[in-house]
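Enquirer: Next input, structure requested:
(2 chains)
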Amino acid sequence: MKKLALLPACLFVLAACERAPEGTIALHEPESPFIAFNIWVKVGSQNDPAGKEGLAALTANLLSDGSTTADSYDAILEKLYPMAAGYGYNVDKEMTVFTGRIHSDNLEAYYELFRNHLLSPAATDEDFERVKTQTMNDLERTRRYGRDEELSKELLFAMAYEGTPYQHPEEGYVESVRSIALDDVKDFYNTFYVRNNIVVGVGGGYPEGFVERVREDFTTLPEGVIEPVPAPQPRMPDGIEVLIVEKPNDATPVSMGFPIPFVRGERDYFPMVAMNSWFGEHRNSFSRLYQVIREARGMNYGDYSYIEAFPRGYRTQQPRVNCSRRHHVFEMWIRPVAQTAPGNLNDRALFATRAGLRELKSIVDEGMTEGTLSNTQQFLRNYTINWGNTISRRLAYAIDDAFYGIGGDGFLESIRPGLAGLSLDRVNQAIQRSLQYDNLYIVYIVRDAEGLKRKLLSGEPTYITYAGEKSAEHMAVDSLIASFPIPVSEENITIIGINEVFERAPQAEAAAGSR
Amino acid sequence: MKLLTKLALALVLAPVGSAVAQQPAGIFPFDYRLVELENGFKAYFIKAGAPDQIAYVSVVRTGSRDEWEPGRSGFAHFFEHMMFRGTEKYPNYDGVTAEMGAARNAFTSNDRTVYYLVASNEYLEQIIDLESDRFMNLSYSEPVFRTEAGAVLGEYNQGANTPTFLLNQTRRETAFDRHTYRHTTIGFGDDVRAMPEGYDYGISFYRRYYRPENVVLVLAGDFDDAEAERLIRQYYSDWEPGYVPPQITPEPPHTAPRRRVVEYAGRTLPVLALNYLGPAWSATDRPAVATEVLGQVAFGSNSDIYRRLVIEERRVQSFEADFELARDPGLLSITARVSNPDDVDLVEREIQGSIEQFRQELVDEKLFNDTKSNMKYDFLMDLETAQSVAFSMFPYVVNTGGIEAVNDYYRTLDSVTREDVREAARRYLVENGKTVVIMVQEG
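Expert: The predicted model follows:
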């Protein structure tokens, strides 16, 4: 086999390598032995009809894991198998992407399958029953008895976007998915999978003329008319609003946050990237939240913050791609707080909450300093290079650029100059425009929900103990944290049982209650 | 160090190196070379990935397998956390790596603990200094140790109440009496809760296992070979050998099949797991490599039983086979999540029937050849970034102490016959080596 030399430098010059036909994003990297696909369908869970929440996700699932008019599902698996290839999908609020990646040895055989799964789905009863049954199991069991920390994040978003098309989880509710029939999926496909609603992304070492061929294939889809969904107008919380889920667990995840007024590509975006990196960079240990809660106190595994949606963060070190949205939430993710020393677990969960809020207050009141900003800029300068380290990720970023209307050399190329040019004033002004600490949604998943509610309402300090000795200085800070106020009133605390979580839409809940 | 960057760039397209080790042709598409020090430390240099980037990957050939002393399960993983707690020279590891903008982390599994940094090659010397220093001079106080034990308990609790956790722990506890594969990498809950008391043991663990003979560096990316070699020699040569092998008791042969039903105290569909004692990993032993082929042909996504149970009859919602071999003989596992609790017995009979078939008959030739192709492309498809190229070397480093075995392994795979696959089934999928675990919902 031919030995590979290092890939040439032009590999990282995004999109500049090739002029692509309309509705197409092409990143040609001729030396690469891989070809990646990213087909963006401009539809997401926001397009789910009321009562059929989860339809966009189930539709993508059926396409991805079902038969085509050319091949049965088992024949597809048989053909993909010798190539060690497959395809994936991701459905977010506003976008659905279908992704694939193949070694150049197998491009032709793979592309035929990849194309067919989107353009000629068979949508059989058998396939539908299979994927729906699997989804129902995920909703009824796995979502509730899997990772509590992921569930608490999903609940935070449901609170923050109440009454908007972003409210329901992408996978839907138990009852809404149960009501979905195969005809619903077919209707959804026919409405949204139309040629004027699809952007075709291809990257890597594909041959000349390949992109044009792919675009032409997708042009065989009919045209359609898509009703635009208005951007969500979420409600700011009124003070502190708390949701407590009761579940027999041994550690308590905490998610908190509130809506913020900017998205990628806007003026405050890079200032807030810098702020967020210093405050709570995903899976990094030098940031404030992590330092205070995990590093100095060992209360949990990690503590991070986000200015863009970041579902399933436990799976990845790198930022999520293809979760582009017209609206975002500032989110603080406190991983499950464990009983690491004698005392009450609810006190520990509240202590961690208070520590997070106290840090939030500090950044709002005091902002960043020249020193912290320049350290953060220095970190991000090289760290962000890894965000586009594979052809699949570079392609996914290019799709996100199309969503946000980011032109030029694209987002990845804009990061270094965008951060290098930041002044302290600009960062601190952006913090003032976006962050505050009086109004937050907070979600807990705990064993003793009533106990947590009582403790919250009492306003009593919640001290914690340690397995090892701590300095007097440390304990003095702990006193301040333990008594940091969480002003919340009884009507702003809701308790639900784990088996009620995402059972049905809140609107359906209200209707059932009034009967 | 700026000079170094320019040097490296100048060499980017030059043919690789002056032959400390020149490799015969094989599946691995990159040249590599080995630098071996007198103390036993090995560093492999692989040129791969994007310009100016390096992946610096230190593989300690110690994992939860090496936790042979009672009450110490989970300690290899806990110790991985302690490796970030600094030295006298670099008390703030996080601060130094943040300044470089390095993506860095670590992880532990049965047979290994891996530490990596992905960074710009302008930091090569600083990284070599930093990494060699913490492997030789780690230093932390007891209060810091106790605090970190809390973070590990938090990590344990992220998954401890899930059905998957219960199943995996039960499967190991039931299948092994003596060997340390009896516990998972995160460890038994009681052992994790007792970790704050383990300060002295931690020091002994470091002295026994974090030694040059037991650590292999894989440096992949864009860098200057000669400079890297000079720096490796400069910074790692003073590391004193002294590895003390763990006293792992081999699992005695089993004389009867085992069976256990566990109840999960939340909601779950029933999960059926058939597990067999398999062979140890080998790059050259045909029956061993044939065992990995067997897992795919008999129970993979393209097997007859998968097609029948998952796609046609839909009695099973997920069906997985894990026949990946480990450093010591471990488990070959087939796991099925069954849609209807009444079908568990039937699904078990189906799996058993499939096993019987593979013991009697030769595998279909197309499926056999497709599987070999699948395994090769599975390997090749991973070789995209400096980091993924370095990570793809884990099986060879962990099981043999070097990466040379990569080409041997795929040559052996080429030579495996259908008769070898049948022989693997006859040898390892036997009643006496079987452990069946069934997890059901409580009540």
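
Enquirer: ok, A:Gly280 - how many residues close by?
Expert: 27 (other Cβ atoms under 10 Å in any protein chain shown). All C-beta atoms are positioned from the backbone trio N, CA, C, and that covers glycine.

Enquirer: let me redo that: B:Thr174
Expert: 18.

Enquirer: again, but for B:Ala425
Expert: Neighbours of B:Ala425 (other Cβ under 10 Å): 25.

Enquirer: how about the nearest residue to it, chain neighbours excluded?
Expert: B:Phe358 (4.2 Å; Cβ to Cβ, 6 or more residues apart in numbering or on different chains).

Enquirer: Kindly report the same for B:Ser354.
Expert: Using Cβ to Cβ, 6+ apart, the closest residue to B:Ser354 is B:Ile305 (4.6 Å).

Enquirer: From B:Gln357, how far out is the one you found?
Expert: From B:Ile305 across to B:Gln357, the span is 9 Å (Cβ to Cβ, to the nearest Å).

Enquirer: quick one: which of those two has more around it?
Expert: B:Ile305 (22 against 14).

Enquirer: okay but that one is in contact with B:Ile355, surely?
Expert: No - counting by Cβ atoms under 8 Å, B:Ile305 stays clear of B:Ile355, with 9.6 Å between them.

Enquirer: circling back to that earlier point, moving C-terminal of the one helix or strand the residue nearest to B:Ala425 maps to, what's the next helix or strand?
Expert: B:Phe358 is located in helix B:344-360, with elements delineated by DSSP states H and E. Note on helix B:344-360: by DSSP H and E, the next helix or strand toward the C-terminus is helix B:365-380.

Enquirer: Run through who's touching that next one.
Expert: A:33, A:78, A:81-85, A:103, A:105-106, B:27, B:29, B:292-293, B:296-297, B:300, B:302-303, B:392, B:410, B:413-414, B:416, B:418, B:421 (Cβ atoms under 8 Å, 6 or more residues apart in numbering or on different chains).

Enquirer: I'd like to know which of the residues you listed are part of helices.
Expert: A:78, B:292-293, B:296-297, B:410, B:413-414, B:418, B:421 (DSSP state H).

Enquirer: what number of residues lie near the residue nearest to A:Thr69 when sequence neighbours are not counted?
Expert: Take A:Thr69 and drop its neighbours on the chain: the residue closest to it by Cβ to Cβ, 6+ apart is A:Ser120, 4.4 Å away. By the criterion of other Cβ under 10 Å, A:Ser120 has 14 neighbours.

Enquirer: does A:Ser120 really touch A:Thr68, like I thought?
Expert: Yes - the pair A:Ser120 / A:Thr68 is scored as a contact, 4.9 Å apart, by Cβ under 8 Å.

Enquirer: what are the ranges of the helices in the stretch 1-150 of chain A?
Expert: Applying DSSP state H, counting those that start in this stretch to the stretch 1-150 of chain A gives helices spanning A:55-64, A:73-80, A:107-119, A:125-137, A:143-145, A:148-160.

Enquirer: hey, C-alpha coordinates of the longest helix seen in chain A in PDB?
Expert: Determined from DSSP H, the single longest helix within chain A is helix A:345-366. Listed next in PDB are the C-alpha coordinates belonging to helix A:345-366 (Å, rounded to 0.1, in the frame of the first residue of the first chain):
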ATOM      1  CA  LEU A 345     -26.900  15.400  49.900                       C
ATOM      2  CA  ASN A 346     -29.400  18.100  49.300                       C
ATOM      3  CA  ASP A 347     -27.200  20.500  51.200                       C
ATOM      4  CA  ARG A 348     -24.400  19.600  48.900                       C
ATOM      5  CA  ALA A 349     -26.500  20.100  45.800                       C
ATOM      6  CA  LEU A 350     -27.600  23.500  47.100                       C
ATOM      7  CA  PHE A 351     -24.000  24.400  48.100                       C
ATOM      8  CA  ALA A 352     -22.900  23.600  44.500                       C
ATOM      9  CA  THR A 353     -25.800  25.700  43.200                       C
ATOM     10  CA  ARG A 354     -24.700  28.600  45.400                       C
ATOM     11  CA  ALA A 355     -21.100  28.300  44.400                       C
ATOM     12  CA  GLY A 356     -22.200  28.500  40.700                       C
ATOM     13  CA  LEU A 357     -24.400  31.500  41.300                       C
ATOM     14  CA  ARG A 358     -21.800  33.300  43.300                       C
ATOM     15  CA  GLU A 359     -19.300  32.900  40.400                       C
ATOM     16  CA  LEU A 360     -22.000  34.100  38.100                       C
ATOM     17  CA  LYS A 361     -22.600  37.200  40.300                       C
ATOM     18  CA  SER A 362     -18.900  37.800  40.300                       C
ATOM     19  CA  ILE A 363     -18.500  37.800  36.600                       C
ATOM     20  CA  VAL A 364     -21.500  40.000  36.100                       C
ATOM     21  CA  ASP A 365     -20.400  42.500  38.800                       C
ATOM     22  CA  GLU A 366     -16.700  42.500  38.200                       C
END
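
Enquirer: which element follows that helix toward the C-terminus?
Expert: Sequence order places helix A:370-383 as the next helix or strand after helix A:345-366, per DSSP H and E.

Enquirer: does that following helix come close to chain B?
Expert: Yes - contact of helix A:370-383 with chain B (Cβ under 8 Å from any Cβ of the partner chain) involves A:375, A:378-383.

Enquirer: Pull out the buried positions in that helix.
Expert: By 16 or more other Cβ atoms under 10 Å in any protein chain shown, the buried positions in helix A:370-383 come out as A:372-373, A:375-377, A:379-383.

Enquirer: can you give me the end-to-end distance of stretch A:32-46?
Expert: Terminal residues of stretch A:32-46 lie 37 Å apart, using Cα to Cα, to the nearest Å.

Enquirer: And for stretch A:197-211?
Expert: Start-to-end, stretch A:197-211 (Cα to Cα) is 18 Å.

Enquirer: List, one by one, the residues from the stretch 301-443 of chain B near chain A.
Expert: So the stretch 301-443 of chain B meets chain A at B:301-302, B:307, B:310-312, B:314, B:317-318, B:337, B:339, B:369-371, B:373-378, B:380-381, B:384-385, B:387 (Cβ under 8 Å from any Cβ).

Enquirer: let's go with 7 Å and repeat that
Expert: Residues of the stretch 301-443 of chain B lying close to chain A (Cβ under 7 Å from any Cβ of the partner chain) are B:301-302, B:307, B:311, B:314, B:317, B:339, B:370, B:373-374, B:377-378, B:380-381, B:384-385.

Enquirer: now for the residues you listed, which pair is the farthest apart?
Expert: B:Ser339 and B:Thr385 (39.2 Å; Cβ to Cβ).

Enquirer: Now for A:Pro485, how many residues are close by?
Expert: Other residues close to A:Pro485 by other Cβ under 10 Å number 11.

Enquirer: What of B:Glu80?
Expert: 21.

Enquirer: And for B:Asn214?
Expert: Neighbours around B:Asn214, by other Cβ under 10 Å: 21.

Enquirer: I'd assumed B:Val59 was in contact with it.
Expert: No - B:Asn214 is beyond contact range of B:Val59, at 9.4 Å (criterion: Cβ atoms under 7 Å).

Enquirer: related to what we said a few turns ago, now the longest helix of chain A: buried residues?
Expert: Here helix A:345-366 shows A:345-361, A:363-364 as buried, counting by 16+ other Cβ under 10 Å.

Enquirer: Is chain B within reach of it?
Expert: No - contact of helix A:345-366 with chain B (Cβ under 7 Å from any Cβ) is absent, the minimum separation being 10.0 Å.

Enquirer: what distance separates that helix from the centre of its chain?
Expert: 23 Å (Cα atoms, centre = their mean, to the nearest Å).

Enquirer: Residues touching the helix holding B:Phe358, excluding its own?
Expert: B:270, B:272, B:274, B:294, B:298, B:305, B:309, B:315-316, B:334, B:336, B:338, B:422, B:425-426, B:429, B:438 (Cβ atoms under 7 Å, 6 or more residues apart in numbering or on different chains).

Enquirer: Please apply the same query to stretch B:428-439.
Expert: Residues contacting stretch B:428-439 (Cβ under 7 Å, 6+ apart): B:163, B:166-167, B:170-171, B:174-175, B:254-262, B:264, B:268, B:270-279, B:291, B:332, B:344, B:355, B:359.
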